[in-house]
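Peer 1: sequence below, structure please.
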Amino acid sequence: MLPLAKLKKEIVAATRELKDGGTEYEPLQGNEKLRRMIAARSLNWGGRLKQNDIITTNGCMNALALCLMAVAKPGDTLALESPCYPGILQLAVSFGLKVLELPTHPVTGIDMDAFKKLLAKIDLCLLVPNFNTPLGYCMPDAHKKEVVSILAQHNIPLIEDDTYGDLHFGAERPKCCKSFDKEGNVLWCGAVSKTLAPGYRVGWVAPGKYKEQILRMKFIQSLSATTIIHEAVGNFLLTGRYDNHLRQLRRTLQDNYNQFAQIIANCFPQGTKISQPQGGLALWVEFPKQIDTAEYTTMP
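Peer 2: Here you go, the predicted model:
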């Protein structure tokens with residue numbers, strides 16, 4: 001499902017075009033072409049970002065890690081969706097953070113009433129509002145807007161992982177929490193790891209008012225991304241090849257979802273429930289209560 005031949009050509013072209021064949025460090029903020037294209041694409045979801053708003057990273061996990069280093073300190077309480085991607089949970093624990101689990105719904109995301117009740121216990125928040133793994137939900141725009149407003153009022157940073165936002169099945173890309181950010185309180189993170197090339201480690205963050213802190217952490221932790229790779233991906237976005245690839249990828253993912261859903265409906269026990277994601281990579285399955293899935297997943 002990945003355009004391997006076209007990506008190889010971009011790598012060769014980047015080697016030829018870059019000064020000294022791409023052996024020099026990038027600017028601290030990252031590849032200019034890539035940042036310009038990420039900013040331009042933010043118009044699709046109402047972000048209206050500028051090139052100077054973006055800092056590139058070595059994948060999205062690196063972006064999330066830089067955000068946590070910049071705005072959190074050991075002992076702080078981080079609010080996460082439950083369940084969440086295990087890597088995020090492990091990252092939080094590795095930084096000595098306390099984790100507060102927010103109850104979620106497989107269609108609408110975090111329980112807003114529970115979120116408001118727990119607000120006094122939260123020092124920072126990390127959400128994956130668009131096609132979260134593993135539930136696959138997409139938060140309604142009204143919920144995104146309300147979360148951003150409430151956290152801004154209490155000066156609580158919101159780290160947004162938007163890795164899956166481009167994998168929508170519908171005609172329009174969903175908005176991000178960053179779409180409603182007026183105070184620069186949302187640190188919007190993304191990558192091409194789930195859409196184009198996981199091993200290229202091309203990610204970014206639009207950190208809002210936390211830009212200087214993120215730049216300082218990047219300087220200490222990594223200084224520069226892989227020059228050739230980020231130039232190649234920037235050009236892949238610039239030429240329109242990325243959008244062509246995304247259209248085919250989204251069709252394939254939706255077809256796969258429909259096939260899985262049909263097989264589950266035909267073959268799984270009566271009473272099994274499945275989610276109906278509008279994009280992303282995850283399909284949530286719930287078995288009838290009388291079935292203990294631990295019996296089927298425990299290795300001998």
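
Peer 1: count of residues packed around the closest residue to S224 other than its chain neighbours?
Peer 2: Nearest non-adjacent residue to S224, counting by C-beta to C-beta, 6 or more residues apart in numbering: Y25, 4.2 Å away. Heads up, the C-betas are built off the backbone N, CA and C, glycines and all. Neighbourhood size, Y25 [other C-beta atoms under 10 Å]: 9.

Peer 1: now do the one 5 residues further on
Peer 2: A count of nearby residues for G30, using other C-beta under 10 Å, gives 24.

Peer 1: can you read off the backbone torsions of the residue nearest to H168 when sequence neighbours are not counted?
Peer 2: The shortest distance from H168 to any non-neighbouring residue, by C-beta to C-beta, 6+ apart, is to G279 (3.9 Å). Main-chain dihedrals, G279, degrees, to the nearest 10: phi 170, psi -180.

Peer 1: measure G279 to G240 for me?
Peer 2: Applying C-beta to C-beta, to the nearest Å, the value for G279 to G240 is 21 Å.

Peer 1: next, the buried residues of stretch 229-239.
Peer 2: For stretch 229-239, the neighbour count (16 or more other C-beta atoms under 10 Å) marks I229, H230, E231, A232, V233, G234, N235, F236, L237 as buried.

Peer 1: apologies, that question was intended for stretch 142-157.
Peer 2: Buried-residue list, stretch 142-157, by 16+ other C-beta under 10 Å: H143, K144, K145, E146, V147, V148, I150, L151, A152, I156, P157.

Peer 1: what does stretch 214-233 give?
Peer 2: Applying 16+ other C-beta under 10 Å to stretch 214-233 flags 214-215, 217-218, 224-233 as buried.

Peer 1: hmm, back to that, just curious, which of the buried residues of stretch 229-239 is nearest to I55?
Peer 2: Set against I55, the nearest of the buried residues of stretch 229-239 by C-beta to C-beta is H230 (11.8 Å).

Peer 1: surely the closest one touches T56?
Peer 2: Yes: using C-beta atoms under 8 Å, H230 is in contact with T56, at 6.0 Å.

Peer 1: any shared contact partners between those two?
Peer 2: Shared contacts of H230 and T56 (C-beta atoms under 8 Å, 6 or more residues apart in numbering): E26, G30, N31, L34, V202.

Peer 1: do I have it right that L215 meets L28?
Peer 2: Yes: counting by C-beta under 8 Å, L28 is a contact partner of L215 at 6.1 Å.

Peer 1: picking that back up, may I see the buried residues of stretch 229-239 organised as TSV, with distance to P174 and secondary structure added?
Peer 2: Shown next, in TSV, are the buried residues of stretch 229-239 (distance: C-beta to C-beta, whole Å; DSSP: H, G, I helix; E, B strand; the rest coil):
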residue	distance to P174	secondary structure
I229	28	helix
H230	26	helix
E231	29	helix
A232	27	helix
V233	22	helix
G234	24	helix
N235	27	helix
F236	23	helix
L237	19	helix
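
Peer 1: nearest to T252 among these?
Peer 2: Nearest member of the buried residues of stretch 229-239 to T252, counting by C-beta to C-beta, is F236, at 18.5 Å.

Peer 1: the closest one against Y200, yeah?
Peer 2: No: F236 is not in contact with Y200 according to C-beta under 8 Å; the separation is 10.0 Å.

Peer 1: just the closest of the buried residues of stretch 214-233 to S94, please.
Peer 2: Lowest distance from S94 to these (C-beta to C-beta) belongs to M217, with 14.9 Å.
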